[in-house]
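# Just a sequence and a predicted model for now, questions to come.
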Amino acid sequence: MTARPLLVMDTATTHAVIALGDADGTLREQRTWEAGYRHGEELLARIVALLADSGVAAGDLGGIIVGTGPGAFTGLRVGIATAKGLAHGLGLPIVGLATGASLRRAAVAASGTPTDHLVLIQPAGPSDRVESREGAAPRIVPVGTDTELARDERLVAVDLRGRAPEAAVSLGDTAMDGLAGALLAAGAARLAVGDADNLARLVPEYVTLPRGVRMPLPDDGVVVSGGVSGGKGSSS
């Protein structure tokens, strides 16, 4: 197991997340900001600043962990491309982890609810939502359709302020605060046993694509409005 620090990044939501952590899963520092549509302008510069402020050179890194979604096209495209570019250029192993599953794991401590009883909802375009449950592929919930919860299930809402119950939004905020730590813990565990992803097969889980852009249907994907989500190489 490498003792070198690990770089974590996630761009699946409106708030980009970057972090540095140790190979044992200990979080050193995390930074988050409201990215909007500026991922391409800001992500790499903020990573460089994080490394510099932490006294870590790019060559000191031992691996890269990146969230794969589900999320919107622009942010995920930039995040995955940046992570893969750094991994390739520095010769580092990379691990892709589903952002949705990581958010649910981050919500466990705050809610006291088991991961398999948490249902995550995120925006899918201007009106629809994407719903994620443990053990099931993300699915699109059309506007006007409520998420059906079992008696023991609890809702976690991310990027849906004013469009979801306040308790679900509050839990979503807490999950976002813990996202970097959840990604680091799971990614470090995989890297410790040599379970890295293949760069060529690591792909984002898109929720929406720009008009006119289409993707081929992967074996384990989920059909979404305007494209396809999922794909081999991302992990839950």
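Looks like it came in fine.
# what's next to the helix or strand harbouring Leu76, contact-wise?
Using DSSP states H and E, Leu76 falls within helix 73-90. Residues outside helix 73-90 that contact it (C-beta atoms under 8 Å, 6 or more residues apart in numbering) are 7, 9-14, 16, 35, 37, 39-40, 43-44, 47, 58-59, 61, 64, 66-69, 92-94, 96, 199, 202-206, 208-210, 213, 227. Every C-beta, even on glycine, is put in place using the N, C-alpha and C of the backbone.
# Which of those fall within helices?
Using DSSP state H, 39-40, 43-44, 47 are the members of those that sit in helices.
# tell me the domain boundaries of the protein?
Domain assignment for the chain by automatic domain parsing gives 6-99+177-229, 112-175.
# mind checking which of these is nearest Arg105?
Nearest of the domains of the chain to Arg105, taken as C-beta to C-beta: domain 6-99+177-229 at 4.5 Å.
# on that earlier part again, for the ones in helices among the contacts of helix 73-90, which one is nearest Ala136?
Nearest to Ala136 among the ones in helices among the contacts of helix 73-90 is His39, at 28.1 Å by C-beta to C-beta.
# Next one: the residue located most distally from the centre of the chain, what pLDDT does it get?
What lies farthest from the middle of the chain is Arg151; by C-alpha atoms, centre = their mean that is 27.4 Å. Confidence at Arg151, expressed as pLDDT, is 89.
# again, but for Asp146
On the pLDDT scale, Asp146 is placed at 84.
# ok so, going back, most packed of the domains of the chain?
By mean neighbour count, with neighbours taken as mean count of other C-beta atoms under 10 Å, domain 6-99+177-229 ranks first of those at a mean of 19.
# Tell me which of the domains of the chain sits nearest to Ala106.
Minimum separation from Ala106 across the domains of the chain (C-beta to C-beta) falls at domain 6-99+177-229, 3.3 Å.
# What mean pLDDT does the closest one get?
Rounded mean pLDDT across domain 6-99+177-229 is 87.
# dump the residue contacts of Gly112.
Taking C-beta under 8 Å, 6+ apart as the definition, Gly112 has no contacts.
# follow-up on the earlier one: compile the domains of the chain into TSV and extend it with columns for distance to Arg105.
Shown next, in TSV, are the domains of the chain (distance: least, C-beta to C-beta, whole Å):
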stretch	distance to Arg105
domain 6-99+177-229	4
domain 112-175	6
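# Quick one: list the elements packing against the helix or strand harbouring Ala49.
Element membership of Ala49, judged by DSSP H and E, is helix 39-54. Judged by 3 or more C-beta pairs under 8 Å, 6 or more residues apart in numbering; DSSP states H and E, the packing partners of helix 39-54 are strand 6-10, strand 15-21, strand 27-34, helix 73-90.
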